[in-house]
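*Asks:* Sharing a model that was predicted from the sequence below.
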Amino acid sequence: METQVATADDAASAVDVLLRLRRGDRAALADLAETYGRGLVRAAYLFTGDAHIAEDAAQESLIAAWDGARRTDEGTTLRSWLYGILFNQCRKRMRSLGRLRKREEKFASDRREASVPPPGVDASPDPEVGQRLRRALDGLDDIHRMVVILRYERGLGVAETARALSIPEGTVKSRTHAAAEILRAAMKEGADESRR
Amino acid sequence: MNPEDDEIDGCLEDALKGMADHAPAPPSASDLDRRLDRRAARRTSAIVALAAAAAAAVILSMQLLGVFGSGGPGMPAGIDSDGTGGGPLVIARESPAPSAAPLPAQALPQPIEIGSGRLEVESILKMRLLDRGVESGIIERNPGESMSLAVVSAREIDMAGLESEFDALFRNYACFRVRILGRNLAFSMVAR
């Protein structure tokens, strides 16, 4: 299981998996899915808000890792590399859905708001907070959303997040701070709304 | 939470984790295996289809060469029935292709005489090319006095030998020039 804080054992295991992937060992792909699959699909789900896209993007990321392993080198950190691939896959899929799908989602979302909490939002204990948080997350631009998902949900460090997204560490810090402010404000508004 | 960063808000972290708990199941190793197998099958089919299309194109082009090779009754291959020879001269061997072994070096031919007609020149070239093992080819008349020749043969064609032969054939011509471009041979001639 992928841990939130990488240990020396995790790092050694990741290097081993990457080496085996480079050699074209199919069992390494199974290990990759076992170790990182859950984290990938969770991050994809938070990023896209769509279970189908998340499932597809996670699966395609693992396949892309299988294909691209030969192009990696000793400096490649498996987890950062995988999340970089994942977000590219998510963005590609979201772009290809186009405006029509966005309109459909918006319509569905508006209807759901009037009735039940949307999927992906924890209905307990406070559905209003969950809904506002989801909307706030969707409202962030891609880079803020990616940063906050990797830092908060996946528990990646600043350096690892910077490597995954190919941005400077300073940018990771500033974007994390800004995104967290927006999300905290959304949660607070939701909580206030519930109390009324 | 990552210990390197104290500013991580536990409340927000929990809320995001709660949302992520609704994510679908992660892909299994068997899902990935199936996906890779399907992709491999698709790629194999695509390669087979491409190879079949290429083979069909080669067969079609060979058949087209054969069609152009029969210019008309009693006419040398490639010469139009009106005798003008305005189209390309097509060379095609009618007998089965000889074995793939390279042909032995041949004696250089007699030079073409000045004043020979274009059709005669082409006819001589055709005979020489067939003797060299060229199974089919097209002589294109380019603007001016130059011609180019594309040759097709299952056997290895000695292009350098062909060049020497052409040199000998056109010895009486000035400004004769032959260039070998892959399996194509371009030449030009101007009478002295």
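*Replies:* Sure, I can see it.
*Asks:* Could you use CA atoms for every contact and neighbour count after this?
*Replies:* OK.
*Asks:* Got the confidence number for A:Ala123?
*Replies:* Looking at A:Ala123, its pLDDT is 41.
*Asks:* And the helix or strand harbouring B:Val121, what's buried?
*Replies:* In the assignment (DSSP states H and E), B:Val121 maps to helix B:118-131. Taking 16 or more other CA atoms under 10 Å in any protein chain shown as the neighbour-count basis, helix B:118-131 is seen to contain the buried residues B:119, B:122-123, B:125-126, B:128-129.
*Asks:* residue nearest the centroid of chain A?
*Replies:* A:Ala43 (2.3 Å; CA atoms, centre = their mean).
*Asks:* Spell out which parts of chain A neighbour chain B.
*Replies:* Contacts of chain A with chain B, taken as CA under 8 Å from any CA of the partner chain, map to A:4-5, A:29-31, A:33-34, A:37-38, A:40-43, A:45-46, A:51-52, A:54-55, A:58-59, A:62-63, A:119-122, A:130, A:149, A:151-153, A:155-157, A:180, A:183-184.
*Asks:* filter those residues to the buried ones?
*Replies:* Among the residues of chain A next to chain B, those classed as buried by 16+ other CA under 10 Å are A:4, A:29-31, A:33-34, A:37-38, A:40-43, A:45-46, A:51, A:54-55, A:58-59, A:62-63, A:119-122, A:130, A:149, A:151-153, A:155-157, A:180, A:183-184.
*Asks:* Show me which helix or strand of chain A is least confident by mean pLDDT.
*Replies:* Considering only helices and strands, the least confidently modelled element of chain A by mean pLDDT, DSSP states H and E is helix A:78-114, at a mean of 74.
*Asks:* just chain B next, same as before
*Replies:* Each helix and strand of chain B was given a mean pLDDT (mean pLDDT, DSSP H and E); the minimum falls on strand B:89-92 at a mean of 47.
*Asks:* Any stretches of chain A with poor pLDDT?
*Replies:* In the predicted model of chain A, residues A:1-9, A:98-126, A:194-196 satisfy pLDDT under 70.
*Asks:* Helices of that one, residue ranges please.
*Replies:* Secondary structure of chain A by DSSP state H: the helices cover A:8-22, A:26-48, A:51-68, A:78-114, A:127-139, A:142-148, A:158-165, A:169-195.
*Asks:* B:Val134: which of those is closest?
*Replies:* Using CA to CA as the criterion, the shortest distance between B:Val134 and the helices of chain A is 45.3 Å, found for helix A:51-68.
*Asks:* Check which helices and strands that closest one sits against.
*Replies:* Helices and strands touching helix A:51-68, as assessed by 3 or more CA pairs under 8 Å, 6 or more residues apart in numbering or on different chains; DSSP states H and E, comprise helix A:26-48, helix A:78-114, helix B:29-68.
*Asks:* Return the most buried member of those helices.
*Replies:* When the helices and strands packed on helix A:51-68 are scored by mean count of other CA atoms under 10 Å in any protein chain shown, the highest mean neighbour count falls to helix A:26-48 (a mean of 23).
*Asks:* hang on, the earlier thing: could you redo the helices and strands packed on helix A:51-68 as TSV and give each row distance to B:Phe170?
*Replies:* Supplementary listing: the helices and strands packed on helix A:51-68 in TSV, determined by distance: least, CA to CA, whole Å:
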stretch	distance to B:Phe170
helix A:26-48	65
helix A:78-114	63
helix B:29-68	26
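*Asks:* Which one of the ones you listed lies nearest to A:Asp192?
*Replies:* Closest to A:Asp192 of the helices and strands packed on helix A:51-68, according to CA to CA: helix A:78-114, at 17.3 Å.
*Asks:* Quick check: residues of chain B near chain A?
*Replies:* Taking CA under 8 Å from any CA as the contact definition, chain B meets chain A at B:1-2, B:4-5, B:8, B:12-13, B:15-30, B:32, B:36.
*Asks:* Now the buried members of those.
*Replies:* Here, 16+ other CA under 10 Å leaves B:1-2, B:8, B:12-13, B:15-24, B:26-29, B:32 buried among the residues of chain B next to chain A.
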